[in-house]
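Colleague: Predicted model and sequence below, questions to follow.
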Amino acid sequence: MTSYVAAIDQGTTSTRAMIFDHSGRVVAVDQREHEQIFPQAGWVEHNAEEIWENTRAVAAGALAKADITAADIAAVGITNQRETTLVWDRKTGKPVYNAIVWQDTRTDKIVGELGALGGGQERYRAKTGLPLATYFSGPKIKWILDNVDGARERAEAGDLLFGNMDTWVLWNMTGGTQGGVHATDPTNASRTLLMDLDTLQWDASIAEDMGIPLSMLPEIRSSSEEFGKVRERGALAGVPIAGILGDQQAATFGQACLSPGEAKNTYGTGNFVLLNTGTEKVLSENGLLTTVCYKIGSNDTVYALEGSIAVTGSLVQWLRDNLGMIGTAAEIEEHARKVEDNGGTYFVPAFSGLFAPYWRSDARGAIVGLTRFVNKGHLARAVLEATAFQTREVIDAMNADSGVALTSLKVDGGMVVNELLMQFQADILGVPVIRPVVNETTALGAAYAAGLAVGFWKSEEDIRTNWAKDKEWTPQLDADTREAQFKNWKKAVTKTFDWVD
């Protein structure tokens with residue numbers, strides 16, 4: 001009797017396995033963090049082999065905690081940190097270089113050179129929905145091929161494979177060098193700068209521009225179908241892997257944002273706001289990304305507008321790990337509550353440049369408005385408020401692109417347990433902020449995609465039925481104060497521009 005669905009959630013800082021029942025409730029979870037590697041300023045890497053070992057461990061751990069076996073699992077879904085880029089040898093299964101993480105900015109020169117060929121930052125937007133930026137996978141692949149000894153020759157000989165982390169996990173889970181499935185879904189493929197949004201196929205002309213052999217690229221399938229079965233040696237042996245969604249699209253699906261005009265914001269390492277635009281591909285005029293929201297089986301592709309913010313939760317980690325100002329992430333709310341406001345201080349965390357709506361790789365972080373009055377509490381509050389202000393900028397751009405004003409915002413992710421942040425988010429947006437009962441919507445969305453493919457859930461209506469509200473915050477700040485604070489934030493953002501020549 002298959003009573004559950006499992007999800008592998010391969011994130012930026014950790015890998016989790018989660019098990020859900022038919023009502024969408026969490027049955028068990030196991031999690032392991034992996035090393036964050038910073039070889040030099042602006043570079044961020046992961047050890048992909050460490051991540052694969054962690055994936056195997058947490059899959060076994062979650063089953064043990066639930067006291068069940070693979071026979072109880074109807075299907076497995078995969079969700080993952082998007083854009084993080086890996087190239088490996090198809091014969092040995094060994095990566096040729098560490099995974100280059102989505103936050104990494106080393107490809108700035110490559111991006112500039114591609115833009116100089118014509119069209120600048122907008123060169124590929126009409127086809128891919130994306131600006132030319134260091135964020136995406138394509139330039140990262142090119143960097144690896146250009147800088148790792150022998151990599152280009154091996155790639156052109158057909159010996160190397162590319163994948164974002166969903167593809168790496170899928171390939172290994174289904175056998176690796178012994179017949180592993182080399183595939184991805186459109187939500188991940190749409191984050192590479194290499195996929196045509198209309199055809200959902202790799203664009204040969206863009207790949208040629210970047211010097212990327214098409215033989216490296218995984219097959220693009222739908223987000224909800226059987227990709228293959230887990231290999232015999234795994235804890236989930238024999239269970240079909242039947243769903244793949246990039247993490248932010250998975251959270252959108254898990255939040256039941258299944259109709260045009262519904263939006264969610266995930267508060268994690270970064271923040272990601274997605275607005276479901278239905279089967280219409282809306283190209284942004286205000287610095288947002290056009291992306292695939294999901295594609296369920298043979299159904300029409302559903303698109304989204306996305307506002308991607310590089311640094312939010314990771315700013316709290318930076319305060320903890322780099323400065324030692326707090327002992328745990330949860331302590332930041334305690335310090336922030338000791339003051340009534342930010343004391344005139346604004347913290348713009350442009351550690352990896354600025355993503356939406358600016359796309360400024362030349363920006364770097366800045367704290368502005370400091371006076372002798374400012375104390376630890378004010379800084380803690382400025383750190384939290386940075387997340388809310390950046391979200392407001394993205395929401396404003398989304399309202400302008402869609403022509404529809406947001407009336408409420410569904411939220412999820414690790415930071416939504418911070419009540420002070422959630423209240424300030426409602427205050428600075430001027431709309432209610434709503435947290436669901438099941439906060440782990442990223443893994444849940446991947447589970448839903450897998451479960452739909454095998455009939456565990458019958459339709460998207462089951463997902464709507466499962467969604468339930470936990471708490472709602474309503475605006476308490478008057479409009480004049482809200483706009484004055486936001487004006488100061490916008491002024492602070494301009495101070496980060498043109499720092500890198």
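Modeller: On my side now, so go ahead.

Colleague: the helices in the stretch 201-350 of the chain, which residues?
Modeller: Assignment of helices within the stretch 201-350 of the chain using DSSP state H, counting those that start in this stretch yields the ranges 204-209, 247-254, 313-321, 331-336.

Colleague: Tell me who's in contact with residue 416.
Modeller: Contacts of residue 416 were listed using CB atoms under 8 Å, 6 or more residues apart in numbering, and they are 267, 422, 435, 439. The C-beta positions use only the backbone N, C-alpha and C, and glycine is treated the same way.

Colleague: The second one falls within a strand, correct?
Modeller: Yep, that's residue 422 we're talking about. No: the assignment for residue 422 by DSSP: H, G, I helix; E, B strand; the rest coil gives helix, which leaves it out of any strand.

Colleague: Local confidence estimate at the nearest residue to it once chain neighbours are set aside?
Modeller: In space, residue 422 comes closest to residue 473 once its chain neighbours are excluded; the distance is 4.9 Å by CB to CB, 6 or more residues apart in numbering. Residue 473 carries a pLDDT score of 96 in this model.

Colleague: Look up how far residue 440 lies from residue 473.
Modeller: Taking CB to CB, to the nearest Å as the criterion, residue 473 is separated from residue 440 by 20 Å.

Colleague: repeat for residue 250
Modeller: Noted for residue 250: a distance of 10 Å to residue 440, by CB to CB.

Colleague: higher neighbour count, those two?
Modeller: Taking residue 250 and residue 440 together and counting by other CB atoms under 10 Å, residue 250 has the greater number of neighbours (32 against 22).

Colleague: Just put the contacts of residue 416 in TSV and tack on neighbour count.
Modeller: Shown next, in TSV, are these (neighbours: other CB atoms under 10 Å):
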residue	neighbour count
267	25
422	22
435	18
439	18
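
Colleague: Which two of those residues have the greatest separation?
Modeller: Among the contacts of residue 416, the pair separated by the greatest distance (CB to CB) is 422 and 439, at 11.7 Å.

Colleague: tally of neighbours for residue 186?
Modeller: Applying the criterion other CB under 10 Å, we find 27 residues in the vicinity of residue 186.

Colleague: same thing with residue 41?
Modeller: Neighbours of residue 41 under the rule other CB under 10 Å: 10.

Colleague: per-residue pLDDT, it?
Modeller: We note a pLDDT of 86 for residue 41 in this prediction.

Colleague: so for the helix or strand containing residue 484, what's the average pLDDT?
Modeller: Assigned by DSSP states H and E, residue 484 belongs to helix 479-494. If you average the pLDDT over helix 479-494, you get 95.

Colleague: which other residues reach it?
Modeller: Contacts of helix 479-494 from elsewhere in the structure, counted by CB under 8 Å, 6+ apart, are 344, 346, 348, 354, 358, 366, 368-369, 385, 389, 392-393, 427-428, 430, 475.

Colleague: Could you point out the longest helix of the chain?
Modeller: Assignment by DSSP state H gives helix 376-402 as the longest helix of the chain.

Colleague: Name the next helix or strand downstream of that helix, please.
Modeller: Downstream of helix 376-402, the first helix or strand assigned by DSSP H and E is strand 409-412.

Colleague: And that next one, how far out from the chain middle?
Modeller: Relative to its chain's centre, strand 409-412 lies at 15 Å (CA atoms, centre = their mean, to the nearest Å).

Colleague: before we move on, the earlier item: same list, the helices of the stretch 201-350 of the chain, but as CSV with mean pLDDT please.
Modeller: As requested, the helices of the stretch 201-350 of the chain are arranged in CSV below (pLDDT from 0 to 100):
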stretch, mean pLDDT
helix 204-209, 95
helix 247-254, 92
helix 313-321, 90
helix 331-336, 92
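
Colleague: Make CSV from these and add distance to residue 232 to it.
Modeller: Shown next, in CSV, are the helices of the stretch 201-350 of the chain (distance: least, CB to CB, whole Å):
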stretch, distance to residue 232
helix 204-209, 35
helix 247-254, 27
helix 313-321, 38
helix 331-336, 46
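
Colleague: ok, residue 500 touching residue 362?
Modeller: Yes: between residue 500 and residue 362 there is a contact at 4.5 Å, judged by CB atoms under 8 Å.

Colleague: So for the two, which residues contact both of them?
Modeller: Overlap between the contact sets of residue 500 and residue 362, as judged by CB under 8 Å, 6+ apart, is given by residue 353.

Colleague: what sits up against stretch 361-373?
Modeller: Defining contact as CB under 8 Å, 6+ apart, one finds that stretch 361-373 is touched by 105, 108, 111, 133-134, 311, 342-351, 353-354, 379, 382, 488, 492, 495-501.

Colleague: Apply 6 Å and report the result again.
Modeller: Taking CB atoms under 6 Å, 6 or more residues apart in numbering as the criterion, the residues outside stretch 361-373 that touch it are 105, 108, 134, 343-351, 353-354, 492, 495-500.

Colleague: Next: stretch 396-412.
Modeller: Applying CB under 6 Å, 6+ apart, the set of residues contacting stretch 396-412 from outside is 251, 255, 261, 264-266, 275, 284, 286-288, 305, 357, 395, 431-435, 439, 441.

Colleague: Can you tell me which of these are buried?
Modeller: Of the members of those, the ones counted as buried by neighbours, 16 or more other CB atoms under 10 Å, are 251, 255, 264-266, 275, 284, 286-288, 305, 357, 395, 431, 433-435, 439, 441.

Colleague: if we can go back for a sec, for the residue nearest to residue 422, which residues make a bridge with it?
Modeller: Applying DSSP bridges to residue 473 yields these beta-bridge partners: residue 433.

Colleague: State the distance from it to residue 290.
Modeller: Using CB to CB, one obtains 30 Å as the distance from residue 473 to residue 290.

Colleague: Kindly report the same for residue 48.
Modeller: From residue 48 over to residue 290 (counting by CB to CB), the distance is 29 Å.

Colleague: Just the element for residue 17, please.
Modeller: Using DSSP H and E, the secondary-structure element containing residue 17 is strand 14-20.

Colleague: Would you mind putting the CA coordinates of that strand into CSV?
Modeller: What follows is strand 14-20, C-alpha atoms only, in CSV (Å, rounded to 0.1, in the frame of the first residue of the first chain):
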residue,chain,number,x,y,z
SER,A,14,21.3,21.9,2.6
THR,A,15,19.6,18.9,1.2
ARG,A,16,16.4,17.5,2.7
ALA,A,17,14.2,14.5,2.1
MET,A,18,10.5,15.0,3.2
ILE,A,19,7.6,12.6,3.2
PHE,A,20,4.0,13.8,2.8
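
Colleague: now the helix or strand that it is followed by: mean pLDDT?
Modeller: Using DSSP H and E, the helix or strand that follows strand 14-20 towards the C-terminus is strand 26-33. Taken as a whole, strand 26-33 has a mean pLDDT of 94.

Colleague: What pairs with strand 26-33, parallel or antiparallel?
Modeller: Paired neighbours of strand 26-33 in the sheet (DSSP bridges): strand 14-20 (antiparallel).

Colleague: Show me where the stretch 51-200 of the chain has its helices.
Modeller: Taking DSSP H, counting those that start in this stretch as the criterion, the stretch 51-200 of the chain carries its helices at 108-116, 125-128, 137-147, 151-156, 165-173, 186-189.
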